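Colleague: What would the 3D arrangement of this be:
(one chain, ligands or ions: 1)
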Amino acid sequence: MSQKVKQPIKINLDKDRVYFWCTCGLSEKQPMCDGSHKEKTDKKSHSFKVDETKEYFLCSCKLTSNPPYCDGSHNK
Ligand code: FES
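Modeller: Numbers count the residues shown, from 1 in each chain. Here you go, the predicted model:
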(Lines give C-alpha, C1' and ligand atoms only; values in the text may rest on other atoms or scores of the structure.)
Protein backbone atom coordinates (compact mmCIF):
# COMPACT_ATOMS: atom_id res chain seq x y z
CA MET A 1 0.00 0.00 0.00
CA SER A 2 1.25 3.44 -0.91
CA GLN A 3 1.06 5.92 1.94
CA LYS A 4 2.54 9.14 0.59
CA VAL A 5 0.92 11.37 3.18
CA LYS A 6 0.85 10.55 6.88
CA GLN A 7 -0.79 13.66 8.28
CA PRO A 8 -4.55 14.27 8.29
CA ILE A 9 -5.79 16.38 5.39
CA LYS A 10 -7.83 19.47 6.21
CA ILE A 11 -10.64 19.83 3.71
CA ASN A 12 -13.85 21.80 3.42
CA LEU A 13 -16.86 19.51 2.90
CA ASP A 14 -20.40 20.44 1.91
CA LYS A 15 -23.44 19.31 3.84
CA ASP A 16 -25.39 16.40 2.25
CA ARG A 17 -22.98 15.91 -0.66
CA VAL A 18 -21.77 12.33 -1.13
CA TYR A 19 -17.99 11.88 -0.90
CA PHE A 20 -15.84 8.83 -1.56
CA TRP A 21 -12.89 8.49 0.80
CA CYS A 22 -9.92 6.44 -0.45
CA THR A 23 -9.30 3.35 1.69
CA CYS A 24 -6.42 1.90 -0.34
CA GLY A 25 -3.93 4.78 -0.23
CA LEU A 26 -3.28 4.70 -4.00
CA SER A 27 -5.41 7.67 -5.04
CA GLU A 28 -3.61 10.70 -6.44
CA LYS A 29 -6.48 12.83 -5.11
CA GLN A 30 -6.08 12.10 -1.39
CA PRO A 31 -8.03 11.85 0.76
CA MET A 32 -10.68 11.05 -1.85
CA CYS A 33 -10.88 8.04 -4.18
CA ASP A 34 -9.83 8.51 -7.82
CA GLY A 35 -10.63 4.94 -8.89
CA SER A 36 -7.03 3.67 -8.61
CA HIS A 37 -8.12 0.84 -6.28
CA LYS A 38 -9.98 -0.96 -9.06
CA GLU A 39 -7.04 -2.52 -10.88
CA LYS A 40 -4.54 -2.93 -8.06
CA THR A 41 -6.51 -3.88 -4.93
CA ASP A 42 -9.65 -5.61 -3.75
CA LYS A 43 -10.61 -2.55 -1.69
CA LYS A 44 -13.50 -0.17 -2.27
CA SER A 45 -13.97 3.48 -1.46
CA HIS A 46 -15.87 4.53 1.66
CA SER A 47 -18.86 6.74 0.86
CA PHE A 48 -20.02 9.29 3.39
CA LYS A 49 -21.88 12.57 3.91
CA VAL A 50 -21.44 15.29 6.50
CA ASP A 51 -24.20 17.01 8.49
CA GLU A 52 -22.58 20.42 8.40
CA THR A 53 -20.61 22.42 5.81
CA LYS A 54 -17.24 23.12 7.41
CA GLU A 55 -13.60 22.01 7.52
CA TYR A 56 -12.84 18.43 8.51
CA PHE A 57 -9.63 16.50 9.11
CA LEU A 58 -9.70 13.33 7.02
CA CYS A 59 -7.36 10.40 7.51
CA SER A 60 -4.63 9.94 4.91
CA CYS A 61 -2.63 7.15 6.58
CA LYS A 62 -5.64 4.78 6.31
CA LEU A 63 -5.09 3.51 9.87
CA THR A 64 -8.00 5.37 11.45
CA SER A 65 -10.60 3.42 13.44
CA ASN A 66 -13.16 6.10 12.58
CA PRO A 67 -13.08 6.44 8.77
CA PRO A 68 -12.91 8.82 7.05
CA TYR A 69 -11.91 11.01 9.98
CA CYS A 70 -8.46 11.24 11.51
CA ASP A 71 -8.35 9.67 14.99
CA GLY A 72 -4.66 10.24 15.63
CA SER A 73 -3.62 6.72 14.58
CA HIS A 74 -0.88 8.17 12.32
CA ASN A 75 1.06 9.09 15.48
CA LYS A 76 1.33 5.46 16.64
S1 FES B 1 -8.35 4.90 -5.03
FE2 FES B 1 -8.18 4.18 -3.00
S3 FES B 1 -10.15 3.43 -2.54
FE4 FES B 1 -10.34 4.20 -4.53
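Colleague: Tell me, how many residues neighbour residue 68?
Modeller: For residue 68, the number of neighbouring residues by other Cβ atoms under 10 Å comes to 26. To be clear about C-beta, it is placed using only N, CA and C from the backbone, and glycine gets the same treatment.
Colleague: Please state the backbone phi and psi of it?
Modeller: The phi/psi pair for residue 68 (degrees, to the nearest 10) reads phi -90, psi 10.
Colleague: Report the contact partners of it.
Modeller: 19, 21, 31, 46, 48, 58, 59 (Cβ atoms under 8 Å, 6 or more residues apart in numbering).
Colleague: Residue numbers of the chain in contact with the ligand?
Modeller: 22, 23, 24, 26, 27, 33, 34, 35, 36, 37, 43, 45 (Cβ under 6 Å from any ligand atom).
Colleague: Neighbours of the first one, how many?
Modeller: With neighbours defined by other Cβ under 10 Å, the count for residue 22 comes to 25.
Colleague: excluding its backbone neighbours, what's nearest it?
Modeller: Once flanking residues are discounted, residue 22 sits nearest to residue 33: 4.4 Å by Cβ to Cβ, 6 or more residues apart in numbering.
Colleague: pretty sure that neighbour is touching residue 26, no?
Modeller: No - the criterion here is Cβ atoms under 8 Å, and residue 33 misses it with residue 26 at 9.1 Å.
Colleague: Next secondary structure after the least confident helix or strand in the chain by mean pLDDT?
Modeller: Within the chain, confidence by mean pLDDT, DSSP states H and E is lowest for helix 37-40 among all helices and strands, at a mean of 93. For helix 37-40, the succeeding helix or strand toward the C-terminus, using DSSP states H and E, is strand 46-48.
Colleague: Quickly run through the sheet partners of that next one, with directions.
Modeller: The pairing partners recorded for strand 46-48 under DSSP bridges are strand 19-21 (antiparallel).
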